[in-house]
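# following is a predicted model, sequence given first.
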Protein chains: 2
Amino acid sequence: MDTTPVYLDCDTGIDDALALAYLLASPRAELLGVGTVSGNSDAAQCARNTLDLLALAGRSDIPVAIGNHDFQAAPYGGGSPHVHGDNGMGGVRLPRSPREPEAETAAEMLIRLAHEQRGKLHVIAVAPLTNLAEALRREPRLPELVAHVTIMGGAALAPGNITAAAEANIFHDPEAAAEVLAAPWPVTLVPLDVTMAEVMEEDRRRRLADSGRPVPEALGRMLEHYFEFYREIFGRPCSAMHDPLAAAIAIGDVAVTDAPSVRVAVETGNGPARGATVCDLRGRYRGNGDQSGAHCRVVLEAEAGFPDFLVESLMRAF
Amino acid sequence: MDTTPVYLDCDTGIDDALALAYLLASPRAELLGVGTVSGNSDAAQCARNTLDLLALAGRSDIPVAIGNHDFQAAPYGGGSPHVHGDNGMGGVRLPRSPREPEAETAAEMLIRLAHEQRGKLHVIAVAPLTNLAEALRREPRLPELVAHVTIMGGAALAPGNITAAAEANIFHDPEAAAEVLAAPWPVTLVPLDVTMAEVMEEDRRRRLADSGRPVPEALGRMLEHYFEFYREIFGRPCSAMHDPLAAAIAIGDVAVTDAPSVRVAVETGNGPARGATVCDLRGRYRGNGDQSGAHCRVVLEAEAGFPDFLVESLMRAF
């Protein structure tokens, strides 16, 4: 079983924190660097959150780079404090890591790692795709240099979340998402269709929060805030595991059971479908989802049981 | 059991012909008038097809009005001869009815019937919504005068057909669809989610074609062309029953089993989601689909067995 070299692009964020900890915990992943972008919180705050969580996990060796503060067509709008708390971590204050972000930007880090790991780097993006689009513009050969891109984002046949048509990561920067999904690299899109299908329940959250161990305890406390937001959606305290599920699919811990390769376009107009990921799933009517020449695999179904596996992984590693 | 007074707006069209014959066959419907619009074929040809089928069915008493030839934002583009044949009827030539279309337009007919049937008229629209939008502009009180509008169109959680995002009726005139769905009348939207869920099979088509009776035989012959188109989609000769299913839901012959009332917007931009019906189904994540104040019921599931019921209805009536 190979270890996958990973660049993580995130907007930490509670579920980003889970994805980060999960990647640290998994023997299948070797996290080489983390870039941040505005989304759940602003890019600089997300980098601080990432550095502090890495320090708590004893992994201050992993470099963190601040990426874009603003989106392509709009300035950063203040994030989602009602979902992720005023600091992006559900209000949980971690000990401040003495380490600072790198001098390079997130796009520069991604390009550097792609060259260093030529053909082997897996990009996991669980945030607006602003940094990835910028890296593509700065290094047009990036698609040849990267092994695979896994994106948590979009809604294929499921409703959106931030609007009726759009998922938040894509909606924040549809222009960037359009560029990233048009680039000729192999992409796995992990949309709401699958990330909303299975949730973490309160007893599992408690297991983390009451563990008496710094990393799981911090995550469990952050999740309390996240669970309150999701109470409105699911009718009970629990939460979707958007970002860690994308990470788990990327490194092969969770198998996909329905994931056709189809053309995906992003709506960038200003109408009601702005930010929609238009996945050409018309082939499903004939029971044949794949389109020849398509390079984006859209995950519509994945094996069950990930929330428990995630908790188990975190409890064993930390 | 009440009989529903119906105005049918159509672009006859093979499945429009089935819807028309079905409404004539059903004791639940009283068809007061038919307006045509360009779509499957041009508006004048659709009126001719309608008149000829009505004559074949011995119902030349039902008036037919020609509606809009062009769409709001684009001229009529030549229809779908690969789906509906060069004449909209799968190439089947019916005896020409001596009757001609009315002097009034389809929009004028709809407004007239709405006034005559004040509060009782059911509008069944199985075509681009150009005529309905024009009627709304000509008679702003139309929403108060009409009892209900049932529309075959759109795709809620299902893929589109004419594009990845859009269903053909809505895609042909998204601007009209946006006006019609925004108007304050009760609407039932019958999208691809349900019209693609159940098909008519070849043995049923043969039953019509081999019946030796003029109306079922003509419909069965038309369907041969339609089945050939659908062979590419479903992998065998068969076909979706878009328009007759909408008619059956409108008059209460087919019960809906999942049909939340939600806000529906139509994407009118020129991006990849043009013509998408953005249904706000985010409530489904909490198992509660209805939105307060919404006046559009989106049919996601209906009781099974309609194709057989349709054939049975036609065989008994004609």
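Good, I have the coordinates.

# where does the stretch 201-318 of chain A come near chain B, residue by residue?
Selection of the stretch 201-318 of chain A residues close to chain B by Cβ under 8 Å from any Cβ of the partner chain yields A:232-235, A:263, A:265-273, A:276, A:278-282, A:284-287. C-beta here means a position set from N, CA and C on the backbone, and glycine is covered the same way.

# now with 6 Å, please.
Residues of the stretch 201-318 of chain A found near chain B (Cβ under 6 Å from any Cβ of the partner chain) are A:233-235, A:265, A:267-269, A:271-273, A:276, A:278, A:280-282, A:285-286.

# of those residues, grab the buried ones for ChimeraX.
Buried residues among these (16 or more other Cβ atoms under 10 Å in any protein chain shown), as a ChimeraX selection:
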select /A:233,234,265,267,268,269,271,272,273,276,278,280,281,282,285
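
# pLDDT at the residue nearest to residue A:279 when sequence neighbours are not counted, what is it?
Distances taken as Cβ to Cβ, 6 or more residues apart in numbering or on different chains put residue A:156 closest to residue A:279, at 4.4 Å, once the chain neighbours are dropped. Residue A:156 is assigned 98 on the pLDDT scale.

# residue ranges with poor pLDDT in the stretch 201-318 of chain A?
Counting by pLDDT under 70, the stretch 201-318 of chain A has no low-confidence residues at all.

# helices of that one, start to end?
Under the criterion DSSP state H, counting those that start in this stretch, the stretch 201-318 of chain A carries helices at the ranges A:202-209, A:214-234, A:242-250, A:306-317.

# give me the buried positions along stretch A:16-33.
Within stretch A:16-33, the residues scored as buried using 16+ other Cβ under 10 Å are A:16-26, A:28-33.

# who touches that stretch?
Applying Cβ atoms under 6 Å, 6 or more residues apart in numbering or on different chains, the set of residues contacting stretch A:16-33 from outside is A:3-7, A:10, A:53, A:57, A:59, A:62-63, A:109, A:113, A:126, A:215, A:219, A:243-244, A:247, A:251, A:310, A:313-314, A:317.

# now do it: distance to the chain's middle.
Centre-to-centre, stretch A:16-33 and its host chain are 11 Å apart (Cα atoms, centre = their mean, to the nearest Å).

# what's the helix or strand for the residue of the stretch 51-200 of chain A found nearest chain B?
Per Cβ to the nearest Cβ, residue A:164 is where the stretch 51-200 of chain A lies closest to chain B, at 3.8 Å. Here residue A:164 sits in a region with no helix or strand, counting by DSSP states H and E.

# cool, the one 5 residues further on as well?
With secondary structure defined by DSSP H and E, residue A:169 is part of helix A:168-172.

# give me the helices and strands touching the helix or strand just after that helix, please.
Next helix or strand after helix A:168-172 toward the C-terminus (DSSP H and E): helix A:174-182. The elements that helix A:174-182 packs onto, with contact taken as 3 or more Cβ pairs under 6 Å, 6 or more residues apart in numbering or on different chains; DSSP states H and E, are helix A:130-138, strand A:264-266.

# which residues touch stretch A:254-263?
Residues contacting stretch A:254-263 (Cβ under 6 Å, 6+ apart): A:248, A:279-280, A:289-291, A:294, A:297-303, A:306.

# redo the helices of the stretch 201-318 of chain A as CSV? Include distance to residue A:119.
Shown next, in CSV, are those (distance: least, Cβ to Cβ, whole Å):
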stretch, distance to residue A:119
helix A:202-209, 37
helix A:214-234, 32
helix A:242-250, 16
helix A:306-317, 28
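
# winner for burial among those?
Stretch with highest mean neighbour count among those: helix A:242-250 (a mean of 29; mean count of other Cβ atoms under 10 Å in any protein chain shown).

# output that one as PDB, nothing but the C-alphas.
The C-alpha trace of helix A:242-250 is given here as PDB (Å, rounded to 0.1, in the frame of the first residue of the first chain):
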ATOM      1  CA  HIS A 242     -17.700  17.100   3.900                       C
ATOM      2  CA  ASP A 243     -13.900  17.700   4.000                       C
ATOM      3  CA  PRO A 244     -12.700  14.600   5.700                       C
ATOM      4  CA  LEU A 245     -14.800  12.400   3.400                       C
ATOM      5  CA  ALA A 246     -13.100  14.100   0.400                       C
ATOM      6  CA  ALA A 247      -9.700  13.400   2.000                       C
ATOM      7  CA  ALA A 248     -10.600   9.800   2.700                       C
ATOM      8  CA  ILE A 249     -11.800   9.200  -0.900                       C
ATOM      9  CA  ALA A 250      -8.600  10.900  -2.200                       C
END
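
# which elements pack onto that helix?
helix A:14-25, strand A:121-125, strand A:146-152, helix A:306-317.

# do that again at 8 Å, thanks
Applying 3 or more Cβ pairs under 8 Å, 6 or more residues apart in numbering or on different chains; DSSP states H and E, we find helix A:242-250 packed against strand A:4-10, helix A:14-25, strand A:121-125, strand A:146-152, strand A:187-190, helix A:192-195, helix A:306-317.

# could you dump those to TSV with distance to residue B:48?
Below are the helices and strands packed on helix A:242-250 laid out as TSV (distance: least, Cβ to Cβ, whole Å):
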stretch	distance to residue B:48
strand A:4-10	59
helix A:14-25	60
strand A:121-125	56
strand A:146-152	52
strand A:187-190	47
helix A:192-195	45
helix A:306-317	59
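
# relative to residue A:76, which of those is closest?
Nearest to residue A:76, of all the helices and strands packed on helix A:242-250, is strand A:4-10, at 15.1 Å by Cβ to Cβ.

# many thanks, have a good one.
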